[in-house]
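Participant: Sequence first, predicted coordinates after that:
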Amino acid sequence: MSLRHPQPADTGTSQTGTSHTGASQTGRRAGRRRAGRLSGPGRQLRRGAVLAAALVATAGLFAAPAWAAPARSAAPASITPAVHLAGEPDFGPNVYVFTPSMPQSQIQATVDSIANQQISNQFGTQRYALLFEPGTYGSAADPLTFQVGYYTEVAGLGGSPGDVTINGSIDVYNQCFTGNNCIALDNFWRSMSNLTINVAGGAGCQAATDFWAVSQAAPMRRVSVHGLLSLMDYCNGGPDFASGGFIADSAFSGSQVINGSQQQFIVRNSNIDRWSNGVWNQVFSGDIGAPPTTFPPTAAGGPYTTLATSPVTQEKPFLQTDSAGQYSVFVPALQHNSSGPSWASGPAAGSAVAISKFFIATPGTPVLAIDAALARGKNLILTPGVYDLKAPILVTRPNTIVLGLGFPTLVPQNGTAAMQVLGVPGVKLSGMIFDAGPKNSPVLLQVGGPLAARTGSATDPTLVQDVFFRIGGATAGSATDSLVVNSSDVILDDIWAWRADHGAGVGWTSNTADTGLIVNGNNVTAYGLAAEHFQKNEVIWNGQGGEDIFFQNEMPYDPPSQAAWMSGSADGYPAFVISPRVTSFSGYGLGSYCFFNQGVPIESTTAFSVPNTPGVQLNDVFTRFLNGSGSIDHVVNDTGAAVTTDNPGPSDVVSYP
């Protein structure tokens, strides 16, 4: 996603015209107490302003930011490393465990010192996890409020979201670059999970509102919000642009969810009190209270694509502690045709895996030691940091859990994959970033070997959740393919593959990359799939029985000429290709955008290339011209009107064939 193109107008009002209001509630549960030691400097405040009446969608509305982020910057001395007590797992100096017995001023100082560093630290190497033990933090009179910056995970350590209560707010605001160019388009790589927020605190425009103004790679999971939640930050007078996000297994009550200026968004298996607005693509899968399907949008609402149930899901494993302070990783149970949060009727079904069954790695751990531990049957926790890998991490045993804390980032150094999973079922990968390295890698993450499509288990699927890929941006690098799924019976749940359009090592011949995702396995289900700027097809789907619920794409910005971007004799490359031999596939809420910014007209013949067979069904598909020059001539195959400078769209196809 870029900081350059505009988005359409959206006032942030609800479907019924309700204004932005919210409520707070008192804490629900207290937990056990124990001592700890943390410190850090004070909070960085943000200014508030009145919500603009409308956002103006005009080409060139705002300039690109005048920053050049360093690839790797040193950590300032103001952040005190975390201190772990005897008997605790050692998750390293960047995993902070808070307890209700700690002075709130101490917690506030620590989270603010990290936020102050990370809010603008888009391509730095610092990574953090902020973990809250069961109990209540803050109060209506003295709320705990803080911001979440880049590479920061915020999570409760209870068995259910209600075990950790925050009276206050946990916020992501716009970033301000030049003048009033305050936007959320680059608010990536952060997360919040497994806690309850009773919204309180704030002043002026920010009062009694939890802001989660994010774009890709910023999931919210297992969160209960009592009060107003806004997915855009409307407090600085605009333009307030945001570009997509992911919410799962969550519940909202007491007010509404303001979608506002979000271009696209997916909510899965949640309970929505009310949802306001939509720009181009809002997808709901298995959500209680979701608005009905309205695609294309009408005066009454939309554009919404709503599925009553999610076909197959398994929620993300998470770290937890019990009343005795013992750590484990909880693995939720597999669900079919489900709706609503997994914990809505009591503790979620699943099983706990003792922390003793995990190998805890740091960025300094040799990859051979990691591979040896995995081969011995250990699961793996990757603590925060950047892992420069001389060889791939090899996952060789069924049902292995690989859990990232604080966005660990894996960078292959010798032209290999960063991680390879053999054709074994039930592997669970979550919470990590894969960066391309200095030598071209054929693939960054490979799930299953070449013959793995013959393997897999419908009752024990492999999970890839909150896993993100970068080609360039943080550091110069290249990779032919980001993610290749050879195994069958795999669930992809919140995936973003990004060939960087800004940052380090960016250029048509610099951060080279063909494809974001290739699916060769059968019965692969994807939710919240995004792939952007790859130089050939963004997604190639070769497996049978696949299903993709939500797709967001931007074609490459930077083809230097039409001749440099040709698929055989056809202009450009389709973003999403379903191979001709596929006879069964379903897709819902699929969008592809173009912004060709090199000053020459570039065309793509079509955005979606699919076989014309009754078993391949696409629903609510569209294209959109964002800015620049050129066009996308068709939506699916030769169906759908072109989007151009004069007719930017969206160009909608309700169903195909």
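Facilitator: Yep, that arrived. Residues are numbered from 1 along each chain as shown.
Participant: how near is the residue of the chain most remote from its centre to A563?
Facilitator: Relative to the mean C-alpha coordinate of the chain, counting by Cα atoms, centre = their mean, the farthest residue is S569 (35.4 Å). From S569 across to A563, the span is 12 Å (Cβ to Cβ, to the nearest Å). Every C-beta, even on glycine, is put in place using the N, C-alpha and C of the backbone.
Participant: re the thing from before, need the phi and psi values for the residue farthest from the centre of the chain.
Facilitator: Dihedral angles of S569 (phi, psi; degrees, to the nearest 10) stand at phi -90, psi 0.
Participant: Spit out the contact partners of the residue nearest to the spatial centre of the chain.
Facilitator: Residue closest to the mean C-alpha point of the chain, counted by Cα atoms, centre = their mean, is A217 at 2.5 Å. Taking Cβ atoms under 8 Å, 6 or more residues apart in numbering, we find A217 in contact with F188, W189, R190, I433, D466, F468, W496.
Participant: Let me have those in JSON lines, extended by pLDDT.
Facilitator: Shown next, in JSON lines, are the contacts of A217 (pLDDT from 0 to 100):
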{"residue": "F188", "pLDDT": "98"}
{"residue": "W189", "pLDDT": "98"}
{"residue": "R190", "pLDDT": "98"}
{"residue": "I433", "pLDDT": "98"}
{"residue": "D466", "pLDDT": "98"}
{"residue": "F468", "pLDDT": "98"}
{"residue": "W496", "pLDDT": "98"}
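Participant: just the residues you listed now: which is nearest A207?
Facilitator: A207 lies nearest to R190 out of those, by Cβ to Cβ, at 23.0 Å.
Participant: Please report how far the closest one lies from V148.
Facilitator: 5 Å.
Participant: for K536, same thing?
Facilitator: Look at K536 and V148: by Cβ to Cβ, they are 35 Å apart.
Participant: ok, the two, which is more surrounded?
Facilitator: Ranked by neighbour count (other Cβ atoms under 10 Å), K536 and V148 place V148 first, with 26 against 18.
Participant: Verify the contact between that one and S169 for me.
Facilitator: No: in this structure V148 lies outside contact range of S169 using Cβ atoms under 8 Å: 10.6 Å.
Participant: buried set for stretch 111-126?
Facilitator: For stretch 111-126, the neighbour count (16 or more other Cβ atoms under 10 Å) marks 111-119, 121-126 as buried.
Participant: what about H336, neighbour count?
Facilitator: 10.
Participant: before we move on, what about the one 10 residues further on?
Facilitator: G346 is flanked by 7 other residues according to other Cβ under 10 Å.
Participant: Next: the one 4 residues further on.
Facilitator: G350: 17 surrounding residues under other Cβ under 10 Å.
Participant: who does it bridge with?
Facilitator: Taking DSSP bridges as the rule, G350 bridges to P332.
Participant: Report the contact partners of it.
Facilitator: Per Cβ under 8 Å, 6+ apart, neighbours of G350: F330, V331, P332, A333.
Participant: Secondary structure of the first one: a strand, I assume?
Facilitator: Pointing back at F330 there. Yes: membership of F330 in a strand is supported by DSSP: H, G, I helix; E, B strand; the rest coil.
Participant: Show the contacting residues for it.
Facilitator: Residues counted as contacts of F330 (Cβ under 8 Å, 6+ apart) are G159, P317, F318, Q320, A348, G350, S351, A352, V353.
Participant: Tabulate the CA atom coordinates of the lengthiest helix in the chain in PDB.
Facilitator: Determined from DSSP state H, the single longest helix within the chain is helix 104-118. What follows is helix 104-118 as a C-alpha-only set of coordinates in PDB (Å, rounded to 0.1, in the frame of the first residue of the first chain):
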ATOM      1  CA  GLN A 104      -0.100   2.000  36.800                       C
ATOM      2  CA  SER A 105       2.400   4.800  36.400                       C
ATOM      3  CA  GLN A 106       5.100   2.100  35.800                       C
ATOM      4  CA  ILE A 107       3.000   0.300  33.200                       C
ATOM      5  CA  GLN A 108       2.100   3.600  31.500                       C
ATOM      6  CA  ALA A 109       5.700   4.800  31.400                       C
ATOM      7  CA  THR A 110       6.800   1.500  29.800                       C
ATOM      8  CA  VAL A 111       4.200   1.200  27.100                       C
ATOM      9  CA  ASP A 112       4.600   4.900  26.300                       C
ATOM     10  CA  SER A 113       8.400   4.700  25.900                       C
ATOM     11  CA  ILE A 114       7.900   1.800  23.500                       C
ATOM     12  CA  ALA A 115       5.200   3.600  21.500                       C
ATOM     13  CA  ASN A 116       7.300   6.800  21.300                       C
ATOM     14  CA  GLN A 117      10.000   4.800  19.600                       C
ATOM     15  CA  GLN A 118       7.800   2.600  17.400                       C
END
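Participant: Following the chain onward from that helix, which element is next?
Facilitator: Counting by DSSP states H and E, the next helix or strand C-terminal to helix 104-118 is strand 128-132.
Participant: partners of that following strand, with directions?
Facilitator: strand 95-98 (parallel), strand 152-156 (parallel).
Participant: mean confidence for that strand?
Facilitator: Mean per-residue pLDDT for strand 128-132: 98.
Participant: got the angle for it vs helix 104-118?
Facilitator: Angle of strand 128-132 versus helix 104-118, following axes from the mean of the first three to the mean of the last three Cα atoms, to 10 degrees, is 160 degrees.
Participant: Quick one: end-to-end length of stretch 120-129, please.
Facilitator: Stretch 120-129 has an end-to-end distance of 17 Å (Cα to Cα, to the nearest Å).
Participant: got a list of contacts for it?
Facilitator: In contact with stretch 120-129 (Cβ under 8 Å, 6+ apart) are residues 69-73, 75, 91, 94-96, 114, 117-118, 149-153, 155, 175, 186, 188, 383-386, 405-409, 473-475, 503-504.
Participant: In the chain, what residue spans correspond to helices?
Facilitator: 104-118, 367-375.
Participant: Pipe those helices into JSON lines and attach distance to G630 and mean pLDDT per row.
Facilitator: Output for the helices of the chain, formatted as JSON lines (distance: least, Cβ to Cβ, whole Å; pLDDT from 0 to 100):
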{"stretch": "helix 104-118", "distance to G630": "37", "mean pLDDT": "98"}
{"stretch": "helix 367-375", "distance to G630": "43", "mean pLDDT": "98"}
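Participant: closest to R397 out of those?
Facilitator: Closest to R397 of the helices of the chain, according to Cβ to Cβ: helix 367-375, at 6.8 Å.
Participant: The closest one - contacts with which helices or strands?
Facilitator: The contact analysis (3 or more Cβ pairs under 8 Å, 6 or more residues apart in numbering; DSSP states H and E) places helix 367-375 against strand 358-361, strand 379-382, strand 393-395.
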